[in-house]
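Student: Need a 3D model of the sequence below.
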Amino acid sequence: MSEKTESTSNPLDILKWLVVFALLIGLITANYMFGEYSVLYRALVAVAVGVIALFIAATTEKGSTFLAFAKDSRTEVRKVIWPTRQETNQTTLIVIAATVVVGLILWGLDGIIVRVVGFITGIGA
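Tutor: Sure, this is the predicted structure:
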């Protein structure tokens, strides 16, 4: 089956995105221009403008799709069976042991190759 997706965008959504970008650009500009004011006040204004921008973005089609995706993702994460502390410790020890073993094998092979190349070329290593 093929799913036909059309990229029809609502003119109101385009206007909302323009408002969101204008708010964010205005926030950056205002933060730069009013640098002499307290960081607390600028941070409060930044949070307020950010919340307003997020609210406007959430009312668009893409925003509502993202919110639905985020809710579904949260539901799926809750279904995951996370390992116990003991399982995590055991897996970590296995990974460390395997890394040490492979490291020793590679170190040994490197030593052998260096001696063979040294013997063939006559350069003492």
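Student: remind me which residues of this protein are low pLDDT?
Tutor: 1-9, 124-125 (pLDDT under 70).
Student: Just to confirm, what's the three-state secondary structure of residue 36?
Tutor: Following DSSP: H, G, I helix; E, B strand; the rest coil, residue 36 is assigned to coil.
Student: That one and residue 26, how far apart?
Tutor: For residue 36, the distance to residue 26 (CB to CB, to the nearest Å) stands at 18 Å. The way it works is simple: take the backbone N, C-alpha and C, and place the C-beta from them, glycine included.
Student: cool, residue 55 as well?
Tutor: 16 Å.
Student: hey, C-alpha coordinates of stretch 79-99 in CSV?
Tutor: Output in CSV follows, covering the C-alpha atoms of stretch 79-99 (Å, rounded to 0.1, in the frame of the first residue of the first chain):
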residue,chain,number,x,y,z
LYS,A,79,6.5,0.1,28.5
VAL,A,80,10.3,-0.6,28.4
ILE,A,81,11.5,-3.2,30.9
TRP,A,82,14.7,-1.6,32.3
PRO,A,83,17.5,-3.8,33.6
THR,A,84,18.0,-4.2,37.4
ARG,A,85,21.1,-2.8,39.0
GLN,A,86,22.6,-6.3,39.2
GLU,A,87,22.1,-6.9,35.5
THR,A,88,23.6,-3.5,34.7
ASN,A,89,26.7,-4.3,36.8
GLN,A,90,27.1,-7.7,35.3
THR,A,91,26.8,-6.4,31.7
THR,A,92,29.3,-3.6,32.5
LEU,A,93,31.8,-6.2,33.9
ILE,A,94,31.4,-8.4,30.8
VAL,A,95,32.0,-5.4,28.5
ILE,A,96,35.1,-4.4,30.5
ALA,A,97,36.5,-8.0,30.4
ALA,A,98,35.8,-8.3,26.7
THR,A,99,37.6,-5.0,26.1
